[in-house]
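**Q** have a look; sequence and predicted model below, questions after that.
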Amino acid sequence: MYPNEAFGRRLRLSHLGRGGRSGLLLIPLDHAVGAGPLRDDGDLDTLVGQLAEHGADGVVVHKGAARRIHPDRFRDLSLVIQLNASTRMAADPDAKFPVATVQEALRLGAHAVSVHVNAASRTEAAQIAHLAAVAEECDRWSVPLLAMMYVRGPAVRDGRAPDLVAHAVAVAAELGADLVKTALPDDPAETARIIAGAAVPVLAAGGDPGSDPDAVLGRMSTAIRAGAAGVAVGRLVFTAGDPGAMVRRLAAVVHDRTSVAVR
């Protein structure tokens, strides 16, 4: 059961999972602000159409990107608007700055909003304050909040260290998030411990696919078996030669509970 019980919030949360599917498959497509264009052709609408057709439950995009997607794509797909951002060109890429509001997201027809927080970064205080402020606005407007929680900063050696990840998840839950996306540890037992102790559903972050997409699929499969409520995987999908086929593989892991060995 989700912690925030206002009817509008529950209605939007139910839409996120396409009315009760076994797990949530989100595809973040908010990377262009941080790292540059997702596609050489700039055709975000066609990409989102492929994701909807092949089993994705929702996409995470920035407000300007949402306007380039045909509304029909969201008949069976949820829209999550990202509210903060930074670029890799910044002096501190771990810093995040507000770029949209909950009310802007609602005007776009969003089903939920998301906020990225880099715990342990130099600007942690401002990022946590922004998360708390957004949570208050989400309460006011009955909008679900996804907190993307990472442990990143100059003193961090291992952003997947179990105690640090558990702490980051707790921060999100304590400040009012409905869902938390995070980079889970490689150890299945530690992942299960974090998920079991979390006060809100946890989504496994995909991360950089590198040269071995099967390794990401394996980690996502492990997370689902450990109790994750779903996955949020972007780069593995939009960098794939066939994004639709990659989404089908992820949907098999998340919705059908197909096991993939970790590589």
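**A** Cool, got the structure. Given the structure is predicted, the values throughout are model-derived calculations rather than measurements.
**Q** in a helix, R73, correct?
**A** Yes. Under DSSP: H, G, I helix; E, B strand; the rest coil, R73 falls within a helix.
**Q** distance of V61 from A215?
**A** As judged by C-beta to C-beta, to the nearest Å, V61 and A215 stand 26 Å apart. Where you see a C-beta, it was placed from the backbone N, CA and C, and this is true even at glycine.
**Q** those two - which one has more neighbours?
**A** V61 (27 against 17; other C-beta atoms under 10 Å).
**Q** neighbours of the residue nearest to the more buried one when sequence neighbours are not counted, just the number please.
**A** Counting by C-beta to C-beta, 6 or more residues apart in numbering, V61 lies nearest to L29, which is 5.0 Å off, once chain neighbours are set aside. For L29, the number of neighbouring residues by other C-beta under 10 Å comes to 25.
**Q** contacts for stretch 117-124, please.
**A** 92, 94-96, 127-128, 130-131, 147-156, 164, 167-168, 171-172 (C-beta atoms under 8 Å, 6 or more residues apart in numbering).
**Q** tell me how far R67 lies from V254.
**A** When R67 is compared with V254 (using C-beta to C-beta), they lie 28 Å apart.
**Q** go on, M148?
**A** Distance of M148 to V254, computed by C-beta to C-beta: 18 Å.
**Q** buried stuff in stretch 218-236?
**A** Going by neighbour count (16 or more other C-beta atoms under 10 Å), the buried part of stretch 218-236 is 218-224, 226, 228-236.
**Q** wait, I meant stretch 150-164
**A** Neighbour-count burial for stretch 150-164 [16+ other C-beta under 10 Å]: 150-153, 156, 159-160, 162, 164.
**Q** show me where the stretch 101-250 of the chain has its strands.
**A** Secondary structure of the stretch 101-250 of the chain (DSSP state E, counting those that start in this stretch): strands at 112-119, 145-151, 179-182, 202-205, 230-232.
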